[in-house]
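Asks: Got a predicted model here, sequence first, then my questions.
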Amino acid sequence: MSLWFWLAVSVVLAYATKLLGYLVPAKVLANPRMSRVAGTLTIGLLASLTVVNAAASGTAVVLDARVGALVAAAVALWLKAPFLVVVIVGAAAAAGLRLLGWP
Amino acid sequence: MRLRESPAARIGASIAIATGLYGVSFGALSVASGLSFWQTMALSLLLFSGGSQFAFIGVIAGGGTGVAAMSASALLGIRNGVYGMQLNALMKPTGWRRFVSAQITIDESTATATGQRDPAEQQRGFWVAGIGIYVLWNIFTAAGAFLGDALGDPKQWGLDGAAVAAFLGLLWPRIRAFQPAAIAVVCAVVTLLAVPLVPPGVPILVAALAAGLIGWFRRGHTPDHSPGHDDDGMEPDIEPYGRGDHSHGQPAARPVPGRTGTGGRDGIFGTAGSGGTPGHGPLGFSEGGAA
């Protein structure tokens, strides 16, 4: 139930953020620093989410099959694979490494 | 001009198909991370911003709390507010259109609209991409959620590896220059250092704080950028139009900064494409926060 609550808060905040751009006079928001922070936040959060999903297990840093998925995905992206292919490559790498005995 | 003849509508439609399709990956990963079918659908139907949706389930999958998931999702959604401002300056929607526009303001619809100069084409591109992605993203989210439920043990199928790949895929197209790469590395290191010290989910917020401080204090732009082109990730992560076959008017709206006039800056990984083909390149359709 508590997850539903935070999910609802996320939904409201997401829509409010989008709508704010349309309702607030451009003068208020159109400052370069605002755009810059929004941009660096996006990069920082995605980088952090990548690392957490690749190497965190609770409060421990572990190297398991997910690191293989990270490397495989990076190679796929380097080769300009589309997003869905990258995701499938990541899954295949992790599943394959587990079959080979890596945790 | 009829919709079928509109270049912006055609590009919007092709982006909608490509983006909508990988709603499958969101649906499957969401149920694998422990959300129910309807929680998954609520995120796609109501939150509707791919980056924020993936962030929410990514935190939950790592054992984080609901409040940490909400925070990561909300922070990642801030750029949609900036897109809304740009789109409002371009299209000036009124009445109910403004409220619908807001819901479909995402990376892809913004990129499609701001890549056009003609106001009517901007409108067509925005609405076709936005509504098309909304419909397909939700259909494929549902399909993915069913699939994820049917798969059983997510680890056996490498779904945790798929999540890693998804986040890297969202990040990748934003790393087009040295500065964003440096920010990504700093935040990755901060995250690794924080993981053993704070509860699950919180390292992501620590990294967000670091990223926010970098954005707040660092100098605006490097000399080879035109003013406002920060090349710092504040751009939709797709490139619906090839370089050179259009130009962004209306600098006040800061449309898709960094995509034009930056010389060789984009394409550090060769992602900048060669011609006007929609979806050229790897990430031509990569989401990024979108959907």
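Replies: On my side now, so go ahead.

Asks: got any ranges where chain A has weak pLDDT?
Replies: A:1, A:28-30 (pLDDT under 70).

Asks: spatially speaking, which residue is in the middle of it?
Replies: With distances taken as CA atoms, centre = their mean, A:Leu46 lies nearest the centre of chain A, 4.1 Å away.

Asks: Okay, and it sits in which element?
Replies: helix A:32-55 (DSSP states H and E).

Asks: what's the angle between the host helix or strand of B:Gln86 and helix A:32-55?
Replies: Element membership for B:Gln86 (DSSP H and E) is helix B:78-91. Between helix B:78-91 and helix A:32-55, the angle comes out at 140 degrees (axes from the mean of the first three to the mean of the last three CA atoms, to 10 degrees).

Asks: other SSEs contacting helix B:78-91?
Replies: Applying 3 or more CB pairs under 8 Å, 6 or more residues apart in numbering or on different chains; DSSP states H and E, we find helix B:78-91 packed against helix A:2-23, helix A:26-29, helix A:32-55, helix B:96-103, helix B:107-114, helix B:119-151. All C-beta spots, glycine's among them, are computed from the backbone N, C-alpha and C.

Asks: quick one: contacts for the closest residue to B:Val59 other than its chain neighbours?
Replies: Leaving aside its sequence neighbours, B:Val59 sits nearest to B:Ala69 (CB to CB, 6 or more residues apart in numbering or on different chains; 4.0 Å). Counting by CB atoms under 8 Å, 6 or more residues apart in numbering or on different chains, B:Ala69 touches A:6, A:10, B:55-57, B:59-60, B:201.

Asks: Would you point out the most distant pair within the residues you listed?
Replies: A:Ser10 and B:Gly201 (13.4 Å; CB to CB).

Asks: Who has more neighbours out of those two?
Replies: Between A:Ser10 and B:Gly201, counting by other CB atoms under 10 Å in any protein chain shown, A:Ser10 is the more crowded of the two (27 against 22).

Asks: The following helix or strand past the helix holding A:Leu46: partners in the sheet, and parallel or antiparallel?
Replies: Using DSSP H and E, the next helix or strand after helix A:32-55 towards the C-terminus is strand A:56-57. With DSSP bridges as the test, strand A:56-57 is paired with strand A:60-61 (antiparallel).

Asks: Name the residues of the helix or strand following the strand it pairs with that are buried.
Replies: With elements assigned by DSSP H and E, the helix or strand that comes after strand A:60-61 is helix A:65-78. The neighbour-count check on helix A:65-78 (16 or more other CB atoms under 10 Å in any protein chain shown) flags A:65-70, A:72-74, A:76-77 as buried.

Asks: do stretch B:171-185 as well
Replies: Here stretch B:171-185 shows B:171-177, B:179-181, B:183-184 as buried, counting by 16+ other CB under 10 Å.

Asks: pLDDT averaged over it - what is it?
Replies: Stretch B:171-185 carries an average pLDDT of 93.

Asks: Export that stretch to CSV, keeping only CA atoms.
Replies: The C-alpha trace of stretch B:171-185 is given here as CSV (Å, rounded to 0.1, in the frame of the first residue of the first chain):
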residue,chain,number,x,y,z
LEU,B,171,22.5,7.6,-20.5
TRP,B,172,24.6,6.9,-23.6
PRO,B,173,23.0,9.4,-26.1
ARG,B,174,23.5,12.2,-23.6
ILE,B,175,27.2,11.7,-23.4
ARG,B,176,28.3,13.6,-26.5
ALA,B,177,31.1,15.7,-25.1
PHE,B,178,33.8,15.7,-22.4
GLN,B,179,31.8,17.5,-19.8
PRO,B,180,28.8,15.2,-19.6
ALA,B,181,31.1,12.2,-19.7
ALA,B,182,33.0,13.7,-16.7
ILE,B,183,29.8,14.3,-14.8
ALA,B,184,28.7,10.7,-15.5
VAL,B,185,32.0,9.4,-14.2
